[in-house]
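Q: Quick one: sequence plus predicted model below, questions after.
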Number of protein chains: 2
Amino acid sequence: MKAINRQVTLRNYPNGIPKESDFEIVEAAMPVVGDGQVLGRAVYLTVDPYIRFRISQSLVVGEAPAMPLGSVIPGEAVVQVAESHHPAFKKGDFVAGFSGWQEYAALPGEGLRKLDVGLGPLPAHLGSLGMPGLTAYAGITQLADIAAGQTVFVSAALGGVGAVAGQLARVRGCRVVGVTSSPEKCRWAVENLGYSVCLDRKAPDFANQVAAACPGGIDVNFENAGGEVFWAAFNNMKPYGRIIVCGLINRAGSPAEGDLSAGLLRTIALKRLVVKGLIVSDFWDLRPKFLEEVGDLMRKGRFRSREYIVEGIENAGRAMIDMLEGRNFGKTVVRVGDDPT
Amino acid sequence: MKAINRQVTLRNYPNGIPKESDFEIVEAAMPVVGDGQVLGRAVYLTVDPYIRFRISQSLVVGEAPAMPLGSVIPGEAVVQVAESHHPAFKKGDFVAGFSGWQEYAALPGEGLRKLDVGLGPLPAHLGSLGMPGLTAYAGITQLADIAAGQTVFVSAALGGVGAVAGQLARVRGCRVVGVTSSPEKCRWAVENLGYSVCLDRKAPDFANQVAAACPGGIDVNFENAGGEVFWAAFNNMKPYGRIIVCGLINRAGSPAEGDLSAGLLRTIALKRLVVKGLIVSDFWDLRPKFLEEVGDLMRKGRFRSREYIVEGIENAGRAMIDMLEGRNFGKTVVRVGDDPT
């Protein structure tokens, strides 16, 4: 075992999309493991969009306060137990826990989730089989009120949440229209994830393409993007449509058009839309049912998971920037240490 | 019976709040009454906020197309049957129907609703006992998901919808915070409608007053206003709060702050808010239950209805402008002809 613990810490609060200089790689001492804890060796860490908001200073009421500069970037990781002081875990186990972006962490046993490595490869436990997948499952099964034949719109269609939401809607008999950020990704999404149509949000006539792809309107918008993608979907919602507000990677509005909120609310009223916020922590108890369904679909070859694996903890900050700017191809995961599986 | 029929017609599409010159009083021939119709003599017509949007040219997708210039202003009225060619109605009956702003109308019997004049005075059948009251009932009973002890926020607290929503929430054990447009109206609302607090939206520190009046946050915002009143409530929503988007009288945003829609969506996600559009036409079948509850409360003296009665059809346009600018005191109704009750 190494004697130092490399960490990625917050050097500056990002202004907009983070820059590499907002992150700092530091060498810390190995953590001291207390009673009821395990020493976890990080194998993969996950780069989720919400981390952007956790490391920012401009938070909305109700969110946790801004983290101090110098803190380890927060986030979940797949770690292997290197040393256990908790009866539920033994050396060698693979668990998921909120260790943050570092090579080693002392983790309370209570916050850990033992992984069923038979279900899928380790990185998938941070994506389709992990928190993003559960988020998608909660939205589709608890909030979206979908039925076969309906049109479901999924932004960030290849992302950790989107890819699962799209596939869960598809197996429920919906017509699923996805949005991602390149023609290559669109092609892959249609061929492998079963989207009926997938649109490139960078296409110059993107808004028209959305209207053309949803001729009868959108029943459910599973909103993972915000900004122009949100508006393109919003302008095509069917009466009584549902909008699941899950992620807002791209928060940019359209300053030229002024404040759009009044029109937003008026359309919600006129079309009797239902808009619901989704945060996965309300739905931890769904995990067994979620893993059962997704695991079963995977075994039957009816579900694909694609991770975009970046090598080395020193590249985690860059991986986050790439993800926010759409240069990833699948759910972004960073390999921090040796994967023995 | 007169030989002419005075009407209020649309001279110009209003730009923002209508001006008196957008309306025109014309003298038309008496309508010809066909089979299955009644000739209705208007007694009261109602001045509802939604009419503003019906007579405007800038409509949102999904709304009816703009009406041609020269059309009679649409809206419901209490009319007395002057002549009946429909078996369900006889001369002298009081009915409500969408006759528009005119003294006489030939009305298909199928679209009419016979009034139970014992329930309350005729003008109340266009307010608390009419479409606005049913709107409030639908929102409170079908969409708001309220429980005793919760805080319910009602804008346009003395309006046709607001006054009923506030009182229905109060009798369900909620703490009801209202907003209206003068200290006098606020006082009246607290003393007569049972609002716990009522705030003047024109007060310079209005937003702070909302926060102070809702120290534990708002469970349900029954939104009848839009604009700054909406934002003051929105910024105080509790997690899992519900927003019923019913009316948006004041559509003005805050241009200085740019596009607020991204922040709106982000807060919906973070607080897991549920935002629902409400249009009363989805809920006609609730009318019997609604009239039973409100009628019962009225008989027991637990419910007040206050109409603001403007004399003369020639003042209907002015009455609408006054209502939109908050110079009314209660639900605005225009007396068009003799009320024999």
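A: Nice, I can see it.
Q: Next, give phi and psi for the nearest residue to residue A:75 once chain neighbours are set aside.
A: Leaving aside its sequence neighbours, residue A:75 sits nearest to residue A:51 (Cβ to Cβ, 6 or more residues apart in numbering or on different chains; 5.4 Å). C-beta here means a position set from N, CA and C on the backbone, and glycine is covered the same way. With angles defined as degrees, to the nearest 10, residue A:51 sits at phi -60, psi -30.
Q: which residues sit in contact with residue A:51?
A: Applying Cβ atoms under 8 Å, 6 or more residues apart in numbering or on different chains to residue A:51 gives the contacts A:73-75, A:320.
Q: any idea where the strands of the stretch 151-300 of chain A begin and end?
A: A:151-154, A:175-180, A:197-200, A:218-223, A:237-245, A:274-277 (DSSP state E, counting those that start in this stretch).
Q: so where is chain A shaky, pLDDT-wise?
A: Scanning chain A for pLDDT under 70 picks out A:1-2, A:58-65, A:248-258.
Q: hey, which helix is longest across it?
A: As assigned by DSSP state H, the longest helix anywhere in chain A is helix A:287-299.
Q: domain ranges for chain A?
A: Listed domain ranges for chain A are A:4-127+A:306-335, A:131-280 (source: automatic domain parsing).
Q: Please work out which of the ones you listed is packed deepest.
A: Across the domains of chain A, the average number of neighbours (mean count of other Cβ atoms under 10 Å in any protein chain shown) peaks for domain A:131-280, which reaches a mean of 22.
Q: Just the terminal-to-terminal distance for that one.
A: End-to-end distance of domain A:131-280 (Cα to Cα, to the nearest Å): 7 Å.
Q: just to revisit the earlier point, and the contacts of the longest helix of chain A?
A: Outside helix A:287-299, the residues that touch it by Cβ under 8 Å, 6+ apart are A:116, A:119-120, A:128-129, A:133-134, A:137-138, A:164, A:167-168, A:171, A:303, A:305.
Q: Try it again at 10 Å.
A: Helix A:287-299 is contacted by residues A:113, A:116, A:118-120, A:124-125, A:128-131, A:133-138, A:141, A:164, A:167-168, A:171, A:280, A:283-284, A:286, A:302-305 when judged by Cβ atoms under 10 Å, 6 or more residues apart in numbering or on different chains.
Q: Can I get the helix or strand just after that helix as CSV, trimmed to CA atoms?
A: Where DSSP states H and E defines the elements, the next helix or strand beyond helix A:287-299 is strand A:307-311. C-alpha atoms of strand A:307-311 as CSV (Å, rounded to 0.1, in the frame of the first residue of the first chain):
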residue,chain,number,x,y,z
GLU,A,307,-19.2,4.2,-19.8
TYR,A,308,-16.7,6.7,-21.0
ILE,A,309,-13.6,5.8,-19.0
VAL,A,310,-10.9,8.4,-18.4
GLU,A,311,-7.6,7.1,-17.0
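Q: ok, strand A:307-311: who's next to it in the sheet?
A: If you go by DSSP bridges, strand A:307-311 pairs up with strand A:331-335 (parallel).
Q: any idea how far the partner strand is from the chain center?
A: With Cα atoms, centre = their mean, to the nearest Å as the basis, strand A:331-335 stands 11 Å off its chain's centre.
Q: buried residues in the longest helix of chain A?
A: Neighbour-count burial for helix A:287-299 flags A:287, A:290-291, A:293-295, A:297-298 (criterion: 16 or more other Cβ atoms under 10 Å in any protein chain shown).
Q: who touches residue A:55 in this structure?
A: A:10, A:12-14, A:18, A:22-23, A:66-67, A:69, A:71, A:73-75, A:320.
Q: closest to chain B among those residues?
A: residue A:66 (14.4 Å; Cβ to the nearest Cβ).
Q: follow-up on the earlier one: now the two most distant members of the contacts of residue A:51.
A: With distances taken as Cβ to Cβ, the most widely separated pair in the contacts of residue A:51 is A:74 and A:320, at 12.0 Å.
Q: Can you classify the nearest residue to residue A:340 once chain neighbours are set aside by secondary structure?
A: In this structure, residue A:340 finds its nearest non-sequential neighbour in residue A:80, 7.5 Å apart by Cβ to Cβ, 6+ apart. Three-state call for residue A:80 (DSSP: H, G, I helix; E, B strand; the rest coil): strand.
Q: what's the answer for residue A:119, then?
A: coil.
Q: wait, it sits on residue A:341?
A: No. Counting by Cβ atoms under 10 Å, residue A:119 sits too far from residue A:341 to count as a contact (11.7 Å).
Q: At the contact with chain B, which residues of the stretch 101-250 of chain A appear?
A: Contacts of the stretch 101-250 of chain A with chain B, taken as Cβ under 10 Å from any Cβ of the partner chain, map to A:143, A:217, A:223, A:226-227, A:230-231, A:234-241, A:243-248, A:250.
Q: Can you give me every residue that contacts the residue nearest to residue A:216 when sequence neighbours are not counted?
A: Nearest non-adjacent residue to residue A:216, counting by Cβ to Cβ, 6+ apart: residue A:151, 6.4 Å away. By Cβ under 10 Å, 6+ apart, the contact set of residue A:151 is A:169, A:174-177, A:196-197, A:213-221, A:236, A:238, A:241.
Q: if you set the cut-off to 6 Å instead, what comes out?
A: A:175, A:214, A:218-219 (Cβ atoms under 6 Å, 6 or more residues apart in numbering or on different chains).
Q: quick check, distance from stretch A:217-225 to the centre of its chain.
A: Centre-to-centre, stretch A:217-225 and its host chain are 16 Å apart (Cα atoms, centre = their mean).
Q: Show which residues not belonging to it make contact with it.
A: With contact meaning Cβ under 6 Å, 6+ apart, stretch A:217-225 is reached by A:139, A:144, A:146, A:150-156, A:161-162, A:165, A:230, A:233, A:236-238, A:241-247, A:249-250.
Q: ok, back up a step: could the domains of chain A go into CSV alongside distance to residue B:313?
A: As requested, the domains of chain A are exported to CSV (distance: least, Cβ to Cβ, whole Å):
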stretch, distance to residue B:313
domain A:4-127+A:306-335, 49
domain A:131-280, 29
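Q: Wait, residue A:129 touches residue A:120, no?
A: Yes. Counting by Cβ atoms under 6 Å, residue A:120 is a contact partner of residue A:129 at 5.3 Å.
Q: For stretch A:265-280, what is the spacing between the initial and final residues?
A: Distance between the boundary residues of stretch A:265-280 (Cα to Cα) amounts to 25 Å.
Q: actually stretch A:276-293, not the one I typed
A: Stretch A:276-293 stretches 24 Å from its first residue to its last (Cα to Cα).
Q: so how far is it from its chain's centroid?
A: 13 Å.
Q: contacting residues for residue A:70?
A: By Cβ under 6 Å, 6+ apart, the contact list for residue A:70 reads residue A:9.
Q: Apply 8 Å and report the result again.
A: By Cβ under 8 Å, 6+ apart, the residues touching residue A:70 are A:9-11.
Q: What of residue A:101?
A: Residue A:101 sits next to A:7-8, A:45, A:72-75, A:77, A:313, A:316, A:334 when contact means Cβ under 8 Å, 6+ apart.
Q: what's the answer for residue A:199, then?
A: With the criterion set at Cβ under 8 Å, 6+ apart, residue A:199 makes contact with A:177-180, A:186, A:206, A:209-210, A:213.
Q: And residue A:32, how far from chain B?
A: Note on residue A:32: its distance to chain B, by Cβ to the nearest Cβ, to the nearest Å, is 35 Å.
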